[in-house]
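Asker: no sequence on this one, just coordinates:
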Ligand code: MG
Ligand code: ZN
């Protein structure tokens, strides 16, 4: 009786769902980006930061299964597989068993996926999005995971981990059109054509070294390509060198990386605003550097409060909660204080068929 009464409601919910387009998801990870790093564009940028338009704000707890302070591998695995694991683990749990990631799960629903980073494409953060390895240093295995994965678009560094005697065959046999020189727009793609840009042997150059607009441009090209798919897409974009600059306690480097990341978040926001069917999540895997935008002097004199003296407390990671901001349909699901694993489950809820 109860089941019979429920049936019409279930059927109508189902038919409503079928008319909706799958929700696109863009995740921007500022590796090592705490709230002080996120604050940089407010004091060092030339315009109002795009972050203010996101509207939905949360904080994320980042510890790993084994350590109060996570590394990027366990952080990535938590966000993209929903499992806390040991530091250094890529897409595997504490028993080193494979846990399915967002790329694997959503590709079964017809989603296309993409990954863009300023590090090696085999780096811990992107790796947890598509691959599995008991240790993040297994770059050659991770490279193989990428080639065999459902990732349709990738851009970053790490060419050294793909070089082999097979040469280009490793790519062409997997239907990947590979570019080694520069970014370029994808014109017409065959239905199952994949695209890869590997523009550095290891990490991409830093902003002070002249990386230019690689990150926002690669994001634009990825969005142009992925949004052709009627069945949805998921794109991960990593500002990897926010972490590297923070490890180096190098303010100029960090400021340049954060302004580049803000520019990239603007690309994602503008796309989502126009598209209306895309959620954008900006967050971090952990904080790096114990960074703060401190006052100059040691006393509370007003002149000391006139200028910021960026200060680092450590050259390593920290355990502080990291910021999360979200925009678009379903963005309100990311409000509050979340465990890093909840990011995965909320994305699954939003994209479930
Ligand atoms: Mg990273
Ligand atoms: Zn780090």
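Answerer: In hand now; what should we look at? Bear in mind that the values here come from a model prediction, so they are computed numbers and not experimental data. Numbers count the residues shown, from 1 in each chain. Ligands and ions are numbered 1, 2, ... in the order given.
Asker: Run through the neighbouring helices and strands of the helix or strand containing residue 256.
Answerer: Secondary-structure assignment from DSSP states H and E places residue 256 in helix 251-275. Here helix 251-275 is seen to pack against strand 24-30, helix 35-44, helix 214-226, strand 233-239, helix 241-247, strand 278-283, strand 322-327 when contacts are counted using 3 or more CB pairs under 8 Å, 6 or more residues apart in numbering; DSSP states H and E. From N, CA and C alone the C-beta is placed, and that goes for glycine too.
Asker: try 7 Å
Answerer: strand 24-30, helix 35-44, helix 214-226, strand 233-239, helix 241-247, strand 278-283 (3 or more CB pairs under 7 Å, 6 or more residues apart in numbering; DSSP states H and E).
Asker: so what's the closest residue to ligand 2 within the chain scoring on pLDDT?
Answerer: Residue nearest to ligand 2 within the chain: residue 243 (4.1 Å; CB to the ion). If you check residue 243, the pLDDT there is 98.
Asker: Would you check how far apart the closest residue in space to it that isn't next to it in sequence and residue 152 are?
Answerer: The shortest distance from residue 243 to any non-neighbouring residue, by CB to CB, 6 or more residues apart in numbering, is to residue 32 (3.2 Å). Using CB to CB, to the nearest Å, residue 32 is found at 28 Å from residue 152.
Asker: and if you look at residue 344?
Answerer: Counting by CB to CB, the separation of residue 344 from residue 152 is 20 Å.
Asker: between those two, which one's more packed in?
Answerer: residue 152 (26 against 21; other CB atoms under 10 Å).
Asker: Low-confidence ranges, the stretch 51-200 of the chain, go.
Answerer: Counting by pLDDT under 70, the stretch 51-200 of the chain contains no low-confidence range.
Asker: Spell out which parts of it neighbour ligand 2.
Answerer: Proximity of the stretch 51-200 of the chain to ligand 2, by CB under 5 Å from the ion, involves no residues.
Asker: where along the chain do the strands fall?
Answerer: Assigned by DSSP state E, the strands in the chain fall at 24-30, 56-61, 112-120, 151-157, 176-179, 194-198, 233-239, 278-283, 287-288, 292-295, 308-311, 317-318, 322-327, 336-339.
Asker: Columns distance to residue 225 on top of the ones you listed, output as CSV?
Answerer: Below are the strands of the chain laid out as CSV (distance: least, CB to CB, whole Å):
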stretch, distance to residue 225
strand 24-30, 13
strand 56-61, 27
strand 112-120, 7
strand 151-157, 6
strand 176-179, 11
strand 194-198, 7
strand 233-239, 9
strand 278-283, 14
strand 287-288, 31
strand 292-295, 37
strand 308-311, 37
strand 317-318, 33
strand 322-327, 21
strand 336-339, 30
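Asker: Can you lay out those as JSON lines showing distance to ligand 1?
Answerer: JSON lines is the format used below for the strands of the chain (distance: least, CB to the ion, whole Å):
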{"stretch": "strand 24-30", "distance to ligand 1": "7"}
{"stretch": "strand 56-61", "distance to ligand 1": "15"}
{"stretch": "strand 112-120", "distance to ligand 1": "5"}
{"stretch": "strand 151-157", "distance to ligand 1": "10"}
{"stretch": "strand 176-179", "distance to ligand 1": "22"}
{"stretch": "strand 194-198", "distance to ligand 1": "17"}
{"stretch": "strand 233-239", "distance to ligand 1": "6"}
{"stretch": "strand 278-283", "distance to ligand 1": "13"}
{"stretch": "strand 287-288", "distance to ligand 1": "10"}
{"stretch": "strand 292-295", "distance to ligand 1": "22"}
{"stretch": "strand 308-311", "distance to ligand 1": "21"}
{"stretch": "strand 317-318", "distance to ligand 1": "11"}
{"stretch": "strand 322-327", "distance to ligand 1": "13"}
{"stretch": "strand 336-339", "distance to ligand 1": "19"}
